[in-house]
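1. what follows is a predicted structure for the sequence shown.
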Amino acid sequence: MNFQDDLITTSRIIESGGVVALPTEGVWGLSCHVDNLSAIQRLLDVKKRDLKKGLITLVIDFSHLESWFARPVLNLAQYESGRPSTWVIPVNYDCPNILTGGGKSVAVRRVKMPYLVQLIRITGPLVSTSANRSGRAACISRWQVMNQLAGLVDHVAKGRTQGYRKPSTIRDMQTGTIIRD
């Protein structure tokens, strides 16, 4: 199966309510469609993640979720160059609690990785969390994902991470300050 075929397969599984494992910038992630609450719950169950921790949403443009935001997106975030940061953005009551962990903000990353950009153009925004069981190290290769999670997700995409060695920087959308580097 070539890259384009796998991209189509992955997008169809996501659009039909599936949970998939995907390469991201630094580690492999578990993803599903941001509007499918039962898929998000299943993703949390696969990972054994505490609901209170919240999740990251991947977009190619912050405008995809602007109806949830309680404040404007900073120009710093809109025009960020280099490796994308994950931005913590205050939200209104339209944002599902399952994404915020019951808090008042959501984590959003505007992706630039070509594979993720193409996938999100097809599916729309995606939920993302590292591909691993809670408490274990994040998977950095497809082989690790296959060994740990293959029977628990609907599809493990082809490909590799972008090779970054650590998780994304987390920044506050209100001030632009770095929360985690």
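-> Right, received. Where do you want to start? Keep in mind the model is a prediction, meaning the values are calculated, not measured.
2. how far does stretch 140-149 sit from the chain's center?
-> Mean-position distance between stretch 140-149 and its chain equals 17 Å (Cα atoms, centre = their mean, to the nearest Å).
3. which other residues reach it?
-> Stretch 140-149 is contacted from outside by 21, 23, 26-28, 30, 46, 131-133, 136, 139, 156-161, using Cβ atoms under 8 Å, 6 or more residues apart in numbering. Glycine gets a C-beta too; all of them are placed from N, C-alpha and C.
4. and that stretch, what's buried?
-> 140, 142, 144, 145, 148, 149 (16 or more other Cβ atoms under 10 Å).
5. could you identify the buried members of the contacts of stretch 140-149?
-> Looks like the contacts of stretch 140-149 have 21, 23, 26-28, 30, 46, 131-132, 139, 156-159, 161 buried, using 16+ other Cβ under 10 Å.
6. in what helix or strand does the residue sitting nearest the centre point of the chain lie?
-> The centre of the chain sits closest to residue 128, judged by Cα atoms, centre = their mean, with a distance of 2.4 Å. Using DSSP states H and E, residue 128 falls within strand 126-130.
7. the top helix by length along the chain to strand 126-130, inter-axis angle?
-> In the chain, assigned by DSSP state H, the helix with the most residues is helix 3-15. Between helix 3-15 and strand 126-130, the angle comes out at 100 degrees (axes from the mean of the first three to the mean of the last three Cα atoms, to 10 degrees).
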